[in-house]
Each structure stands twice: as structure tokens, then as C-alpha cells.
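*Asks:* quick one: sequence plus predicted model below, questions after.
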2 protein chains.
Amino acid sequence: MTFSVSILATGSELLDGRVVDTNSNFVAKELSERGLKLRRVLTVDDDMGELVAGLRELAAVSDLIITSGGLGPTTDDLTRDAVASFFGVSLAEDPEGRKHLEEFYRKRNRPIDTNNLKQALLPIGSTIIPNEVGTAPGFIASRQGGPTVCSLSGVPREFKSMFMATVRPLIEAKTHGVEALHRVTLKTFGLPESTVGKLVEGIGLPEDVVVSYRAAFPEVHVVLKAPQSVSLEAHAEAARNAIGKSFIYTEDPSATLGSALHHLLLGHGETLATAESCTGGMISEIVTRTPGSSATFKGGVVAYDNSIKEGLLHVAYETLVTHGAVSAETVREMAEAARTRCGATIGVSVSGVAGPGGGTPEKPVGTFFIGISTASHSFQVQSLYVSERTNVRMYAAYVALDLVRRTVLRLPLPKSYPEIR
Amino acid sequence: MTFSVSILATGSELLDGRVVDTNSNFVAKELSERGLKLRRVLTVDDDMGELVAGLRELAAVSDLIITSGGLGPTTDDLTRDAVASFFGVSLAEDPEGRKHLEEFYRKRNRPIDTNNLKQALLPIGSTIIPNEVGTAPGFIASRQGGPTVCSLSGVPREFKSMFMATVRPLIEAKTHGVEALHRVTLKTFGLPESTVGKLVEGIGLPEDVVVSYRAAFPEVHVVLKAPQSVSLEAHAEAARNAIGKSFIYTEDPSATLGSALHHLLLGHGETLATAESCTGGMISEIVTRTPGSSATFKGGVVAYDNSIKEGLLHVAYETLVTHGAVSAETVREMAEAARTRCGATIGVSVSGVAGPGGGTPEKPVGTFFIGISTASHSFQVQSLYVSERTNVRMYAAYVALDLVRRTVLRLPLPKSYPEIR
């Protein structure tokens, strides 16, 4: 027996393009955690006829209909009326809902009027779903032999909060006995998505292990999912080996390259300093997103103009003139200056041609150099990433972070950004 | 007569949460340009029964049904079959489609097999929609008295390309004589969305002027739309005055605060340098997103550790000890050092408590100071933005950019970040 869940989303803002419906995706992901998928998603306008027709259509194929939106105080908020009409009942004021509204407005010193109170009206026989983060409460209604309808606020934050408190337990109860899936997440950087896909598919996973890929530019995340009864670890290990373990920077679904690097530096007692040209501060910005990053990040210089490369980073005038700002020699001097001037154990530098202008036949748009400097070792890499400005900058910043990671862990460099010898 | 357009989106990836449907939003925005909105959006699984039922339901209320997805070469790509079944016709190979496929695979040196060729099968009587960016062609089918069905690839890039080439002209032809809307976009920073909303609503716009708000954190964008017959300029001017012109940094829909500031600095012959602590390089990263920003941005220092504030920025040890790193005195010295050491005409600095840790009763999380230094004038502001780390950092970075803008234009400072006197 499959438990069939559909969504009825309502609102002009969804149909005229002002808002992208993210609530459906949220529910879809929640269901996917339990091995289910949505049956249908239907988006209609704030219109009684459309809403009731939508409920009827979805009722024919669904055990649970989640409505999103149309619970506010204005005249185009019609979900309460539509659900009541669908079940053939009237609306009546819910005492708990009224109390919640009165409190909400009292706390904010705002007057409450008839329109606001409309939000406490619920279809007779339904159960209120409190709204902890907004005004409009939701409700659950059902009748014998028909579907259950859960009506939630369309505001994503309120939708999520109400869903977690009420609908999720309902789905869990209905799918009791359905095995939850377990999963392994491999976050990779340094290989294109198509390559990662081919490598993983090459290991021939059994049918009950589902693999999915998410290109979170410039990273590629691989998720392996299987029922609890399947031992996932052996398959995960095959996938790690196929991809190459040095490309997997974390298996923690909530970690980022920046946070993983922070913890790595912390664990090895290392500190970082940056010298950025074309990335303009992106590397330090990414590193400092992580709370507590001051323990591993000293600071850096954004040397956008050559005068800064000379003045603050002491890159030799001859180096800039002879080799150019975008060269292995320049990033070598930049990385060393970053490390020594900022008092860090590792210095990383970037200089490149982010575009759209500035390319030459020898150094086309997308060319970048990265320098790494430690007390005992220094090297430079050159790479080319043909794309538009934003992507070139982001890719170069990630290569820089990845090279710091590889330096700390003494990992080999990938073919796409080899060491210059 | 309204021209009624619906979307039938198909694909497991939409119903299990792997992919957010952005094609519907794209079409909704396209329709909104012509004063239309979508009638319904229905998402169903890759299943013949579901697809045909979906087409029938939408056909009852739509003049045009756009299908998205299900045109690929695998067994779960069923849109061709479903549309053929809906119209009661068979599939036949389209010679143009076959030629396109053969060429596509030849160019890539990849073998073509029966599965691939399936993509050249179209419902008899339909017209091919070429796919310039992928393999699967789409098609247009219709019958007397029924709706027109346009089947497009679900891959967003392919969907858009096919839509622009074929569906958009179709919609334009069907809505010929419908007035296109004209619009004014006011991009603001420095006021909360609710305040902007109240100020604009206070001017009492007529019904044929539609106002919409988009909170693009930390900015608020206001869009006024009206038919060509309505003179929008007088209403736009009333809105500008209600909001306060100093809060509107551009009316160019494609400009950002960073690009607007770049052009402003360029026009005034000014150059910028940064000294960032809690924002970690975010200000310089935003500024350098704009191509050509090297003409107005010299560079900066990310002084995350106090040693960098002293070493590279020459902030006095006494200042750091007496007033702390997060203080008006420190950002004053940081801004001046940024300007003089980087050879810019304007220096801007930030120091603050981004959180989650590090707050004190006097300087709670969300407190930040900004310093501005020019050859003739120097000032500092203090502000508090209570939110989580990411938002505090981004808000502080935008305040810094906005203060540079206000300095160049000699505009007064808003109440939310007043000058310290």
C-alpha cells in the first residue's frame, strides 16, 4: 500500500512569476526521506471554482492533500472557504485560533479588525494547526473514505514550521513500518559532474542503492541511498575508490568546503593568509563564513591593482614587468608575502583573467595561477576554466581552497590543476 | 477574451525533490510581461495514465498547454506517447528530427541507437520545434476546437531556448492587440520592506498601476507596472518621493549596488580601497564582480586578526587596547590606512560582531562600525543588525557600499546608520 500525497498550491504570485514555489520541493524532499514521492502538484489561482475543482481532482488520486497558501486576512484568501465547500461544511470561529490572533496583535501593539479575525474561521470538524511564526493558523480536515486535507500557510518559513509540527508526524504515522532510507553523502570538488557520474556508474550498484548527483557549482555532491536492510558501506567504499578519495573533501551533509577546511587547519595547528587578485576577496569571504574562523584565518590582501601587489605584498617590480601580474612568478611572491606579512603558516594567492576583457592568446580569459607557500614548501599551479566572469572567479577560489586542503593533507594534485615544474 | 495558458510538468525528479521546477516560473514571468498569468500548473509523474489525465484536465480550462519534460530517450520519457494518445493519433518519425539527431551524435563522435532515434518520433500532424542546445526536439500539436499543446524539453536551458523560438511568438500572435505593460524599477537599500511598502501604499496609486515588491536581501526592489496608455512617470515620481530618493540607488533593472557604485565612482573620478574585519572580504568581492572594476577599485586588506590591523593597517596598539577592535576609533584608523596605503581617494572599513559568539552587553552580536575616509572628510557610523552571521555580514557590507555611494553623492545618512558625533 502506497500512501499518496499531493499538493494544491494557491496564489497569484505563483502564476504571475513573482514567487517560485519552493514549498512543493520541500515536501517532496521530506517524502523522499521516507522513500515516497509526491503524487501530483497542482497550482491554481485564488479563485473558489479553481480551488474546489483542484481539491476534487487531487482527491481522486490522493490520501493526503496539502494546501499551501490562501489563509491570510484579505479577500483573495479563499482556502478556508474552498476546503469547507469541498467537505460540504460551514466555517466557524476556532477559540484557540482567535486567542492566538488576539495575542499576536496585542504583542505587536497593532489593532485587530474583522479581516484579521477571519483567520480564526475554520471548516467545522477540522483541527487547528497553530502557526508559531505568523498570524494565519492552518487546519486538518477529513471525512470517512475521503482524503485528509492539511491546509498550511504559503509563506515558506510558516509552511515549514507547520509542516514539521503536524504534517510530518501524520505522514510518519501513515507510513509506519515503511523502512527509512539511510544514506552516504560524498561532497567532491575537482572533477566535472559527468566524470563523477561515469566513475560511480562504473561500479555497478545494485538496484536497491539509489544514487543521485547534485551539481552545487563548482562542487559535485553524490548521495547514495538504500533501505536500512541493505549494507550501504561496501557500496559507499566502492564509490569513494571509483571517484578517488582525494576528491572527497567531506561526507558531512552540512559541511562546506570552507568549514571543512577550517576544521582541518584547526586539527593540524595551521593558519591561513590570502593574497587575491582576480577573486577580489572571495577566498577570504568563503573562509570567514564559518563561525570561529578567526582561530585559523589571519587575514589577507586584495591586491587588485598592481600598485598594491608591489606596495602591500612587495612583489618585485621586475617580476610584474617581466612575467606579468598573471604569472607563476607573481603568485609565488604573493603567496609568500601573504604568509609572512600576516604571520600565518600557509599563504595562498590567486591571479587570473576573469574576463570578459583582458584575455591574450597566451593567457585567454579563464586562465589563472595559484600559489601556495609554507615554511618548508612552495608551489604554483596554472589552470584554465572557460566560462563567464562569475564562474571563473568562483572556480579559481575553490581551486585555491582545495589546494590548501591538499597541502595540509599532503594529497597529490589533480590533472586539471597540476603543479608547475 | 483572455488567452489561457497552463503548464504540465512531468518528471520523477520534480516529485521526489531532486529538482525545483523553474520552467513554470520562467513562463509565468514571460506571460506577466504581456499582462497575462498562468491558468494552472500541474506536475505529474512519468506515467502514461497521469500524463493523459493531466492533459485532459488542463484542456478543459486552457487554450495552450505547455508540457515540460519527458522527451528524452529513456523508457520513462512518455510525453510524445501521451500527447499522441490525447489527440488520438500515432507517432511517426520526423525526417528533420532524425537529421538533427544524426548530426548531433556525429559531431560528438557518439554512436546513435534505437533509443536515441525514439526522440525523432512525433505525434502525426504535429510540427517539430528544433532543439538548438540539446538532443530531444519538441513539437506543437493541436486540433479543431481543442487546445494547442507545445511540448518542450524539461532541461531549463533547452526549455527556454525552445520557448523563446516558438512559444513566445505564438503567445504574441494570440495576444495581438493586448497592450504590453511598461514599468519602472526602483532598487532601494536602507529601509525595511514593510516600511517601503507602507510609504508606497501611502501615495494611493490608481488601480491600473500595479506595484510589486521583491525583497532581494538586503535590498528591496519596487516595480510599478501599467498599460502603455497610463502615464507611469507621475506615479513613479510620487513613489520616489515617498520612499526618499536617497534610498534609491538605481532604476536600471539589470544594475546591482556594486555595478551602480562602480559607474558612480568612474563618473566622479574616484577610486576605492577597503579594510574589512567581520565582512572578511565580502565588500571587495562584491565590488569586483563588475567587469572593469579595476578602474575604480584599488584593493584592500582583510584584517581578520588584530595583528593584521596593526601590521598591515597600522592601527595603533593603544587604539585596539583602549577602544577594542570593534569601535569607531579602530574603523577610523582602518579606513584612513586603506585609503592612503592603497592609493585610493576613498577608504571604507568595517569591524563588527558577526556572531554567533563574541557579543558583549555593550556590543551585542550584530553590532558593527563603519569608517569612511576621504582626503577632506572622515566619519564613522555605528549600527546594529540582529540576525544570524550570514545576514549580519551581508547587511554590514551593503551599509559600507551604501555609505561610499552617499559620500560620493553628498547625500544625508539614514536614521538606521547615523554618523557618530
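*Replies:* Perfect, thanks for sending it. Residues are numbered from 1 along each chain as shown, chains lettered A, B, ... in the order given.
*Asks:* please make it C-alpha for all contacts and neighbour counts, starting now.
*Replies:* Will do.
*Asks:* buried stuff in stretch A:12-29?
*Replies:* A:12-18, A:20-29 (16 or more other CA atoms under 10 Å in any protein chain shown).
*Asks:* narrow these to those in strands?
*Replies:* Assignment to strands by DSSP state E places none of the buried residues of stretch A:12-29 there.
*Asks:* which of those residues are close to chain B?
*Replies:* A:12, A:14-18, A:20-22, A:25-29 (CA under 8 Å from any CA of the partner chain).
*Asks:* these in helices, which ones?
*Replies:* Using DSSP state H, the subset of these located in helices is A:12, A:14, A:15, A:25, A:26, A:27, A:28, A:29.
*Asks:* export those residues to a markdown table and tack on pLDDT and distance to residue B:159?
*Replies:* Shown next, in a markdown table, are these (pLDDT from 0 to 100; distance: CA to CA, whole Å):
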| residue | pLDDT | distance to residue B:159 |
| --- | --- | --- |
| A:12 | 85 | 23 |
| A:14 | 91 | 19 |
| A:15 | 92 | 18 |
| A:25 | 93 | 20 |
| A:26 | 93 | 23 |
| A:27 | 95 | 25 |
| A:28 | 93 | 22 |
| A:29 | 87 | 24 |
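*Asks:* show me which residues of the stretch 201-350 of chain A sit near chain B.
*Replies:* A:278-285, A:288-289, A:291-292, A:294, A:297-305, A:307-308, A:311-312, A:341-342.
*Asks:* before we move on, what about the stretch 1-150 of chain A?
*Replies:* Residues of the stretch 1-150 of chain A lying near chain B (CA under 8 Å from any CA): A:12, A:14-22, A:25-29, A:31-32, A:36-45.
*Asks:* now do the longest helix seen in chain A: which elements does it pack against?
*Replies:* Longest helix of chain A, by residue count under DSSP H: helix A:389-409. Applying 3 or more CA pairs under 8 Å, 6 or more residues apart in numbering or on different chains; DSSP states H and E, one finds that helix A:389-409 contacts helix A:257-268, helix A:282-287, strand A:346-352, strand A:367-374.
*Asks:* buried sites along the helix or strand encompassing residue A:55?
*Replies:* Counting by DSSP states H and E, the element that carries residue A:55 is helix A:48-59. By neighbour count on 16+ other CA under 10 Å, the buried set for helix A:48-59 is A:48, A:50, A:51, A:52, A:53, A:54, A:55, A:57, A:58, A:59.
*Asks:* as TSV, those residues with distance to residue B:233 and pLDDT would be great.
*Replies:* Listed next are those as TSV, based on distance: CA to CA, whole Å; pLDDT from 0 to 100:
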residue	distance to residue B:233	pLDDT
A:48	36	95
A:50	37	95
A:51	38	97
A:52	41	97
A:53	42	96
A:54	41	96
A:55	43	97
A:57	45	95
A:58	46	96
A:59	49	96
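*Asks:* partners of the lowest-mean-pLDDT helix or strand in chain A, with directions?
*Replies:* Across the helices and strands of chain A, mean pLDDT, DSSP states H and E gives its lowest value to strand A:210-216, namely a mean of 78. Paired strands of strand A:210-216, with direction, are strand A:219-227 (antiparallel) (DSSP bridges).
*Asks:* and the next element down the chain from the strand it pairs with?
*Replies:* helix A:233-243.
*Asks:* averaged pLDDT, the following helix or strand past that following helix. What do you get?
*Replies:* Going down the chain from helix A:233-243, the next helix or strand is strand A:248-250, by DSSP H and E. For strand A:248-250, mean pLDDT rounds to 98.
*Asks:* for strand A:248-250, packing partners?
*Replies:* Against strand A:248-250 (3+ CA pairs under 8 Å, 6+ apart) you get strand A:181-189, helix A:257-268.
*Asks:* mean pLDDT lowest where, among these?
*Replies:* When I compare the helices and strands packed on strand A:248-250, strand A:181-189 is least confident, with a mean of 91.
*Asks:* now it, how far from the chain's geometric center?
*Replies:* Strand A:181-189 has its C-alpha centroid displaced from the chain centroid by 14 Å (CA atoms, centre = their mean, to the nearest Å).
*Asks:* how big is the angle separating it from strand A:210-216?
*Replies:* If you take axes from the mean of the first three to the mean of the last three CA atoms, to 10 degrees, strand A:181-189 sits at 40 degrees to strand A:210-216.
*Asks:* list the contacts of strand A:181-189.
*Replies:* A:33-35, A:218-228, A:232, A:236, A:240, A:247-253, A:402 (CA atoms under 8 Å, 6 or more residues apart in numbering or on different chains).
*Asks:* per-residue pLDDT, residue A:177?
*Replies:* Reading off the model, residue A:177 has pLDDT 62.
*Asks:* ditto for residue A:21
*Replies:* So residue A:21 comes in at 92 (pLDDT).
*Asks:* could the ones in helices among the ones next to chain B among the buried residues of stretch A:12-29 go into CSV alongside distance to residue B:2?
*Replies:* Shown next, in CSV, are these (distance: CA to CA, whole Å):
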residue, distance to residue B:2
A:12, 16
A:14, 18
A:15, 15
A:25, 30
A:26, 33
A:27, 33
A:28, 33
A:29, 36
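*Asks:* out of those residues, which one sits closest to residue B:95?
*Replies:* Using CA to CA, residue A:15 comes nearest to residue B:95 of these, at 36.8 Å.
*Asks:* give me the nearest residue to the closest one, chain neighbours excluded.
*Replies:* residue B:38 (4.9 Å; CA to CA, 6 or more residues apart in numbering or on different chains).
*Asks:* what number of residues lie near the one you found?
*Replies:* For residue B:38, the neighbour count with other CA atoms under 10 Å in any protein chain shown is 27.
*Asks:* need the pLDDT of it.
*Replies:* Confidence score, pLDDT, at residue B:38: 95.
*Asks:* now do residue A:63
*Replies:* Reported pLDDT for residue A:63: 94.
*Asks:* for residue A:151, which residues are in contact?
*Replies:* A:66, A:67, A:68, A:69, A:79, A:138, A:139, A:140.
*Asks:* from those residues, which land in strands?
*Replies:* A:66, A:67, A:68, A:138, A:139, A:140.
*Asks:* just give the number of residues close to the third one.
*Replies:* By other CA under 10 Å, the residues close to residue A:68 number 25.
*Asks:* any idea how far it is from chain B?
*Replies:* In this structure, residue A:68 and chain B are 14 Å apart, going by CA to the nearest CA, to the nearest Å.
*Asks:* list the contacts for that residue?
*Replies:* Per CA under 8 Å, 6+ apart, neighbours of residue A:68: A:7, A:8, A:9, A:10, A:23, A:151, A:152, A:153, A:154, A:159.
*Asks:* pretty sure residue A:199 contacts residue A:243?
*Replies:* Yes: with contact defined as CA atoms under 8 Å, residue A:199 reaches residue A:243; the gap is 5.9 Å.
*Asks:* more neighbours, those two?
*Replies:* Higher neighbour count among residue A:199 and residue A:243: residue A:243, with 20 against 17, using other CA under 10 Å.
*Asks:* no further queries at this time; thank you.
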